[in-house]
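> Requesting a structural model of the entry that follows:
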Amino acid sequence: MSEYFHSVTLNRDACRGCITCVKRCPTEAIRVRNGKAQIIAERCIDCGECIRVCPHHAKLAVTDPLQKIENYKYKVVLPPPSLFGQYKRQEDLELIRTALADLGFDEVYEVPAAAELVSDATRRLMEKGLLNKPVISSACPAVLRLIRIRFPNLIDNVLPLLPPMEVAARLAREKAVKETGFKPEEICIAFLTPCPAKVTSIKSPMGTEKSNVDLAIAVSDVYPALLTAMEKCAKRGTGPDNSQSGRTGLSWGNSGGEAAATFTVRYLAADGIENVINVLEEMEDEKLTDQDFVELNACPAGCVGGVLNIENPYVAVTRMKHLREYRPVACNHIGDDLPPEIPWNTPVEPITALRLDPSPTNAIKKLREIEEIQPRLYGLDCGSCGAPSCRALAEDIVNGFATEDACIYILKDKVEAVRSSMLSLKLENRDKNAEKDGDGK
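Numbering: from 1, shown residues only. Next up, the predicted model:
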């Protein structure tokens, strides 16, 4: 198995060692050591929350430059549903499609079109009773990795279907090969990504051995060039609307869209990583057994809130609502059988990143040590030690990554004890000297 790829990286030169990212990381994957943040790779879910909150812009997402498409003979672009909420004039989908062609792409294959296929497949599997309820959406790769790391008992509830991005990539490549005669490797499938988690899911896919997406280009990187191209296209005019997407597919761009497309009354949609964790905790405690479908998005408001987007997510949501008014309900459906491009073809396994030790005996021993150390800490969870909580610091101490002196309050107590001892010794010496002077007289 190849090494796991992470899109979220740290610019050490820009990092100032503040603990903003440490306190907001949902899997406690960040520590501050020696004045710089450190990312614990096996715990990171690439949600981008650290990118969102870092005041020094020290967290970055690794993506591909637009120029890389020139390495291929035929270029297909996959715009996600959230892209259509980034621009004014969004009611004209053909304007965006034409502008993408002006940027050098030979074909546009809309991800919302594939989303409609996934929605159709989901409805059929639920109607046949083939899924464990409540069914958890598998569309957000950050949430899926979070489940694998922190809520492994819920993996069996995850919808075993590939995300629309991957389905679109497979169908787009098949279509391009058939229509152009080019070899699959000569065709570029480029996805315009709103978040780092999707970049990671391309480089280290879940539910499939290899992704069909070749390049992940950040929406923020392509935004200025696409805006300029749209202005030029608007002046010269566009052709008829050739969009492949209806309301169902476009709804996936914001929170609740996928869940509503299941046509079930009993569904729940949550967005924002903290809210997602709260829902998963309640599911683990079996408090949401009355729900049929649960849609979870790590980003606020859904994919429109991805950190690699430009527009305010709630402005984008409003734009997409207006956009959907002009569209048919759905433009894409599966046949009688589930297409092979849609289901997972490899299992999704738990990740033991939070395990204290591979040996159960050693893990129990370490747990006892943590429980012994934790009461000696102050329980303030201030983060000044570089860990997100006192318990996390205790775990770091047990694993040999820190000492109790990392707690500034314990260190302060030790310094105060030394100061008091030195002061006491000084007073004692002064008294002895005074006594000697008295005897001398």
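> drop to CA atoms for contacts and neighbour counts, all remaining ones
Fine.
> ranges for the strands of the stretch 51-200 of the chain?
Applying DSSP state E, counting those that start in this stretch to the stretch 51-200 of the chain gives strands spanning 59-61, 74-78, 107-108, 135-136, 187-193.
> So for residue 275, which of these sits nearest?
strand 135-136 (14.5 Å; C-alpha to C-alpha).
> Show me the longest helix that occurs in this structure.
helix 408-440 (DSSP state H).
> What are the buried residues along that one?
Within helix 408-440, the residues scored as buried using 16 or more other C-alpha atoms under 10 Å are 408, 409.
> Residue 4 in helix, strand or coil?
Recorded secondary structure, residue 4: coil (DSSP: H, G, I helix; E, B strand; the rest coil).
> which stretches of the stretch 1-150 of the chain form helices?
20-24, 49-53, 93-102, 111-127, 141-150 (DSSP state H, counting those that start in this stretch).
> Wait, residue 41 touches residue 29, no?
Yes. Using C-alpha atoms under 8 Å, residue 41 and residue 29 qualify as a contacting pair, with a distance of 7.2 Å.
> More neighbours: which of those two?
residue 29 (22 against 16; other C-alpha atoms under 10 Å).
> Please name the residues that touch that one.
22, 39, 40, 41, 42, 43, 44 (C-alpha atoms under 8 Å, 6 or more residues apart in numbering).
> Need the nearest residue in space to the last one, chain neighbours excluded.
Nearest residue to residue 44, sequence neighbours excluded (C-alpha to C-alpha, 6 or more residues apart in numbering): residue 29, at 5.4 Å.
> Return the distance of that neighbour relative to residue 425.
Residue 29 sits 45 Å away from residue 425, going by C-alpha to C-alpha, to the nearest Å.
> Let me see the contact set for residue 6.
Contacts of residue 6 by C-alpha under 8 Å, 6+ apart are 41, 44, 46, 200.
> Now the spatially most central residue of the chain, what are its backbone angles?
Residue closest to the average C-alpha location in the chain (C-alpha atoms, centre = their mean): residue 47, at 2.3 Å. Backbone torsions of residue 47, given as degrees, to the nearest 10, read phi -70, psi -20.
> Just the pLDDT at it, thanks.
pLDDT recorded at residue 47 is 95.
> how about it, what does it touch?
Residue 47 touches 142, 195, 196, 197, 298, 299, counting by C-alpha under 8 Å, 6+ apart.
> between the residues you listed, which is nearest residue 109?
residue 195 (19.1 Å).
> Read off the pLDDT value for residue 122.
As predicted, residue 122 sits at a pLDDT of 96.
> swap in residue 90?
At residue 90, pLDDT is 56.
> what do you get for residue 437?
66.
> can you pull the buried residues of stretch 253-267?
253, 254, 255, 256, 257, 258, 259, 260, 261, 262, 267.
> related to what we said a few turns ago, kindly reformat the contacts of residue 47 as a markdown table and extend each row with pLDDT, neighbour count and distance to residue 238.
Below are these laid out as a markdown table (pLDDT from 0 to 100; neighbours: other C-alpha atoms under 10 Å; distance: C-alpha to C-alpha, whole Å):
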| residue | pLDDT | neighbour count | distance to residue 238 |
| --- | --- | --- | --- |
| 142 | 97 | 26 | 37 |
| 195 | 97 | 31 | 30 |
| 196 | 97 | 29 | 32 |
| 197 | 97 | 25 | 34 |
| 298 | 97 | 30 | 36 |
| 299 | 96 | 29 | 33 |
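> now, which of these lie within helices?
Filtering the contacts of residue 47 for helices - DSSP H - leaves 142, 196, 197.
> JSON lines for those residues, including distance to residue 278?
Compiled in JSON lines, the ones in helices among the contacts of residue 47 are given as follows (distance: C-alpha to C-alpha, whole Å):
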{"residue": "142", "distance to residue 278": "15"}
{"residue": "196", "distance to residue 278": "22"}
{"residue": "197", "distance to residue 278": "20"}
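> and which of those is nearest residue 224?
Out of the ones in helices among the contacts of residue 47, the member with the shortest distance to residue 224 (by C-alpha to C-alpha) is residue 196, at 19.3 Å.
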